[in-house]
Structure formats: structure tokens, C-alpha cells
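Engineer: Generate coordinates for the sequence data below:
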Amino acid sequence: MRLGQGAVRDGGYQNPNLLSSTFEAVIGAYYLDNDQNIEVLRLLVEQLFDSVPKEVMVIRSSIDSKNKFQKLMQANGATTPPKYVTEKSGGTDHAPEFVSRVYVDSKLYGEGKGDSNKAAEKQAAEDALSKSKVVSCSSTKARSNPLKAGRSPLMVALPSSSPTPPGS
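Structural biologist: Below you'll find the model as predicted:
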């Protein structure tokens, strides 16, 4: 992986997104070099992943945290989508720091920090998800159509004090 000085300084060789993209490119090249034979590729990938200890693996979903949080809120009957309030909190012009808070119906669910608006919002959604305690319904009828059964399919534990977002 070739990186510029800035990326190296920012820890690029340990950046999960860069490592993942590089791995994907190498696997894609191997696939193409082997006449697009998926079985040859399968053997290689299985050997690679079988050698990784379970405690080292990190599960990364294709659904991002903001979408997961929004789906969770909708499943619990929220009528408005999550609102993210993000502001610059410090840093320099070339390395700003942002803080984001996520609200649903004027209740604070999570807070996050990042080096961009997007990163701060993602961290806020992850914070909200980590604070949420999910409990499945025990009723089969409720699971098949929770709204008609008069129940929510999930219950979310909210923080006891929730400041209202600016402008609400």
C-alpha cells in the first residue's frame, strides 16, 4: 500500500478502511489473474480467514450506524427521523474536530466526535446504538405484526435526562 506522508502521519497503515480496500483490491486482482475462477479464490480466502483468531475479527456490517439507528427508531414507533446537530468543536483548519448529537423527537440519544461532520454523526449513531438495550417481544403475534398487536417489536432504554436540540 503506497501512502503519502500525511496519510502515514495520520496512521494510514492501521486505518481499517484503507486496509479493507487494499485487501479487496488484492483479492480482486487474484480473481482476475486466475481467469475469474471463484473456486481458486475461495480456497485462498478460506485459508486466510481460517487462520485469523476469532477475538481479532471485527464484524463490519454493510448497513451503516445511522441507518441502523433510524431503523431501530422506526421499529419503535418514532414518527420523525433522527436529527443530527453537528458543530465544529476545535482543532486546526487542516485537522478540524466536530461534535455531533443525535435527537429523536427532541430527546438526546447519542453523541460523537470525529474529524468530519460525517464521522461525528456516525459516532453519535454508534453511541446511540450502544446505549440502546434491545428486548425482543415474546409474543409470536407481536413479532409478525407488532403495530397491529399494539406493541413495539423492540424496546429502547433512553437516557434519563435528555436535553432538547437547538431550535426545537
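Engineer: CA atoms for contacts and neighbours, from now on please.
Structural biologist: Fine.
Engineer: The chain: helices as residue ranges?
Structural biologist: Under the criterion DSSP state H, the chain carries helices at the ranges 5-9, 16-33, 38-50, 65-75, 117-131, 140-144.
Engineer: How far off centre is the first one?
Structural biologist: Offset of helix 5-9 from its chain centre (CA atoms, centre = their mean, to the nearest Å): 25 Å.
Engineer: what's the answer for the second one, then?
Structural biologist: When distances are taken as CA atoms, centre = their mean, helix 16-33 is centred 21 Å away from the chain's centroid.
Engineer: Flag every buried residue along it.
Structural biologist: 30-31 (16 or more other CA atoms under 10 Å).
Engineer: Please determine how far the closest residue to residue 129 other than its chain neighbours is located from residue 27.
Structural biologist: Among residues not flanking residue 129 along the chain, residue 69 sits closest, at 6.2 Å (CA to CA, 6 or more residues apart in numbering). When CA to CA, to the nearest Å is the yardstick, residue 69 and residue 27 sit 32 Å from each other.
Engineer: In the chain, which residue is most central in space?
Structural biologist: Central residue of the chain (CA atoms, centre = their mean): residue 65, 3.0 Å from the mean position.
Engineer: Surely that residue touches residue 125?
Structural biologist: Yes. With contacts counted by CA atoms under 8 Å, residue 65 reaches residue 125, the gap being 5.6 Å.
Engineer: Pull the number of nearby residues for residue 103.
Structural biologist: 24 (other CA atoms under 10 Å).
Engineer: Please read the previous query as pertaining to residue 76.
Structural biologist: 17.
Engineer: Model confidence at it, what's the number?
Structural biologist: Per-residue pLDDT puts residue 76 at 87.
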